[in-house]
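[1] What would the 3D arrangement of this be:
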Amino acid sequence: MLPTLDDVLQLDAVRRGKPRVVACADRTGNKVRWVHVAEVTDIAHLLHGGELVLTTGIALPDEPDRLRAYIGDLSEVGASGLMIELGRRYASVLPPALVAAAEDHGLPVIVLAHEPAFVDITESVHARILQDQFAELRASEQLHEIFTQLSVEGASTDEVVRQVAALAGHPVVLENLSHQVLAADADGGDPSDLLSAWETRSRAVRTGQRTGFDETSGWLVTTVGARGEDWGRLIIVLGSAPSARETVLVERAATTLALGRLLDRHAEGVERQAHGTIIARILAHAYSDPLEAAARARALGVPLAGRRLLGAVLRHRGPGTSVPHAAELAQLAEAAAAACKDARLAALVGVLDEGGPHARVGVLASLPARADVETALTEVATRIRKQSGGETVMATGSVVDSIRDVRRSFMEAEQVADVASRGSGGRLFYRLPDLRLRGLLHLLRDDARVQTFVERELGPLLTYDAQRGSDLTRILELYLDSGRNKAVAAQLAHLSRPAFYERLHRIERVLDADLDDVESCVSLHVALLALSSVRWERP
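    The predicted structure is shown next:
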């Protein structure tokens, strides 16, 4: 960071000359890139801008027009200021024409009442410039180390944005090209204030270059993307002109975000991550105020305040112990998001508990007050099934009226998905009433009385199978699931009828039960349903 004229005026070598600003005192914030000692008037063509010109004034002309031309040339080339020693050319005051011209051109002019050593001034200022440049280089190196480490560790988008806010000491926002907020950190401020009417405010900010500062908003903005594919903007809400360090910070962070997206091509997109984070934090009650959750969701284009909310869970059919593949979940999440968009249903869609054995896709649907829930769910579920195939189960909870109750809706959806994912039903989506007896038994699966009932009804048969490696329990399940139709059950078991009948007789002997008795069969069927729930690992 280059020193300003104010900084130069505080140096001991300058203060010994008793400096006094006589023109453009409001411009002493000008940056000083170098110090140039010159006694001739035609010096401007040798300057590059940002120089502080030192002179005794001994060669300056007397004519007002030539003095004005001298000042005009320095201003045009971008000199940061003019410092004149009194005593040689001018005894105590400068010519009025020179001062007036400096005011007109906005060029600060400083007089030195005491004779200084110009070499001391140049050495002091140049040392300060080099010191600041070294500090900038060091800061840039530290930022490089920090963000390289984040890249190596595979830091999430939220982690990168959080780090930028901590380093900048200002709020930070990552948005997509539609000006929807993907991640934000208010740096200790109110997130609701930061994100209020975000899209409208963001669309008004245009910098015209990949990294730029918008004076009206006070935003430092840089484009995020790589290989010619830009996908967002990273914004530091500064309020004042950025320092060189802040510019390096925002650009280095943008590179880290772009690199992370390139390296993680098979993972869910940044938008899905943002959606999933909000859902997960709502479920964990991580937001101290529901208004913050509403503000963050609104910044993503999903209104939650004053809406009817519904939690839904998407899972692939299969054993609860199987670990979902990240790429499959990401694909399912994108399919669900596309289905909601096509159906014009505002919703947050993201992967929950990513990387764990119970990872699944969560959908937080936001419905207008008069929307028909059944119609909306049917349309979305139809589109999801078309895009993802028939091996996906969609389960929903009850409709709630506030963000505080969303967790209850999701818990209900989780219970429903847990049961529905083991079956082979053809429903587009499942709710708790759709599960009937199977759902009730699933909810009661931890009850010792249910477990005792299962052992009393099926214990001997389970022991028989375990000791002999037989599959009589499966045969019984096929028989009861087929409505006690022996011909259909035999076909499902891929057995001849005599072989199937023999197995049924063996089951009757082991259980000491009559499979022609309706009440016995009902009891055994309930026990089998309960066994499925007891054995089924919960997500």
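
[2] where along this structure do the strands fall?
    Using DSSP state E, the strands of the chain run over 19-23, 34-37, 51-55, 81-85, 109-112, 172-176, 181-185, 211-214, 219-226, 229-237, 308-316, 346-352, 360-367, 392-400.

[3] Ignoring the adjacent residues along the chain, who's closest to Lys31?
    The shortest distance from Lys31 to any non-neighbouring residue, by C-beta to C-beta, 6 or more residues apart in numbering, is to Leu2 (4.2 Å). For the C-beta atoms, the positions are set from N, CA and C on the backbone; glycine is no exception.

[4] was I right about that neighbour contacting Gly49?
    No: in this structure Leu2 lies outside contact range of Gly49 using C-beta atoms under 8 Å: 11.7 Å.

[5] Arg66 versus the residue nearest to Lys31, what's the distance?
    Distance of Leu2 to Arg66, given as C-beta to C-beta, to the nearest Å: 31 Å.

[6] do the same with Arg484
    116 Å.

[7] hang on, the earlier thing: which neighbours do Leu2 and Gly49 have in common?
    Contact with both Leu2 and Gly49 is made by residues Arg33, according to C-beta atoms under 8 Å, 6 or more residues apart in numbering.

[8] the more surrounded of those two?
    Leu2 (17 against 12; other C-beta atoms under 10 Å).

[9] center of this structure - which residue?
    Centrality entry for the chain: nearest residue to the mean C-alpha point is Ala183, 3.0 Å, by C-alpha atoms, centre = their mean.

[10] tell me the domain boundaries of the chain?
    Following automatic domain parsing, one gets these domains for the chain: 5-125, 154-265, 271-434, 448-535.

[11] Take these and write them to a markdown table, including mean pLDDT.
    Shown next, in a markdown table, are the domains of the chain (pLDDT from 0 to 100):
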| stretch | mean pLDDT |
| --- | --- |
| domain 5-125 | 92 |
| domain 154-265 | 89 |
| domain 271-434 | 85 |
| domain 448-535 | 89 |
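
[12] Serialize those domains to TSV and add fields for distance to Phe147.
    Formatted as TSV, the domains of the chain follow (distance: least, C-beta to C-beta, whole Å):
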stretch	distance to Phe147
domain 5-125	27
domain 154-265	4
domain 271-434	18
domain 448-535	48
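
[13] Would you mind saying which of those domains lies nearest Leu441?
    domain 448-535 (4.6 Å; C-beta to C-beta).

[14] With His325 as the reference, measure out to the residue nearest to Lys31.
    For Leu2 relative to His325 (C-beta to C-beta), the value is 53 Å.

[15] same thing with Gln149?
    In terms of C-beta to C-beta, Gln149 sits 28 Å off from His325.

[16] One more: Asp190?
    40 Å.

[17] One more: Leu480?
    Distance from Leu480 to His325, by C-beta to C-beta: 34 Å.

[18] Over to Glu414?
    20 Å.

[19] how about the residue nearest to Ile384 when sequence neighbours are not counted, what does it touch?
    In space, Ile384 comes closest to Ala339 once its chain neighbours are excluded; the distance is 4.6 Å by C-beta to C-beta, 6+ apart. Residues near Ala339 by C-beta under 8 Å, 6+ apart: Val380, Ala381, Arg383, Ile384, Gln387.

[20] Ok, Val361 next?
    Contacts of Val361 (C-beta under 8 Å, 6+ apart): Val313, Leu314, Arg315, Leu329, Leu332, Ala333, Ala336, Val349, Gly350, Val351, Leu352.

[21] Beta-bridge partners for the residue nearest to it when sequence neighbours are not counted, please?
    Spatial nearest neighbour of Val361, chain neighbours left out: Leu314 (4.0 Å); criterion: C-beta to C-beta, 6+ apart. For Leu314, the residues forming beta bridges with it (DSSP bridges) are Val361, Met394.

[22] Run a quick neighbour tally on Leu314.
    With other C-beta under 10 Å as criterion, Leu314 counts 26.

[23] Please pick the buried ones from the contacts of Val361.
    Val313, Leu314, Arg315, Leu329, Leu332, Ala333, Ala336, Val349, Gly350, Val351, Leu352 (16 or more other C-beta atoms under 10 Å).

[24] tell me which of those residues is nearest to Ala166?
    For the buried ones among the contacts of Val361, the nearest to Ala166 is Gly350 (24.5 Å; C-beta to C-beta).

[25] ok, that closest one touching Ala359?
    No: using C-beta under 8 Å, Gly350 is not in contact with Ala359; the gap is 10.8 Å.

[26] residues touching the residue nearest to Pro290 when sequence neighbours are not counted, list them.
    Nearest-residue entry for Pro290: Ile403, 4.1 Å, with adjacent residues in sequence omitted and distances by C-beta to C-beta, 6+ apart. Applying C-beta under 8 Å, 6+ apart, we find Ile403 in contact with Ile282, Pro290, Ala293, Ala294, Leu304, Ala305, Leu309.

[27] now do Ala305
    By C-beta under 8 Å, 6+ apart, the neighbours of Ala305 are Leu291, Ala294, Arg298, Ile403.

[28] run the last query once more with 6 Å
    Ala294 (C-beta atoms under 6 Å, 6 or more residues apart in numbering).

[29] distance of it from Pro290?
    Noted for Ala305: a distance of 8 Å to Pro290, by C-beta to C-beta.

[30] Next: Ala343.
    For Ala343 relative to Pro290 (C-beta to C-beta), the value is 26 Å.

[31] out of the two, which sits in the busier spot?
    Ala343 (19 against 16).

[32] Count the neighbours of the closest residue to Leu364 other than its chain neighbours for me.
    Leaving aside its sequence neighbours, Leu364 sits nearest to Leu348 (C-beta to C-beta, 6+ apart; 4.3 Å). Leu348 has 28 neighbours, counted by other C-beta under 10 Å.

[33] Pretty sure Leu348 sits against Ile279.
    Yes: Leu348 lies in contact with Ile279 (C-beta atoms under 6 Å); the separation is 5.4 Å.

[34] where do the contact lists of the two overlap?
    Taking C-beta under 6 Å, 6+ apart as the contact rule, Leu348 and Ile279 both touch Leu364.

[35] Which positions within the lengthiest helix in the chain qualify as buried?
    Longest helix in the chain, counting residues (DSSP state H): helix 118-152. Within helix 118-152, the residues that qualify as buried are 118, 121-122, 124-125, 128-129, 136, 139-140, 143, 146-147, 150-151, counting by 16+ other C-beta under 10 Å.
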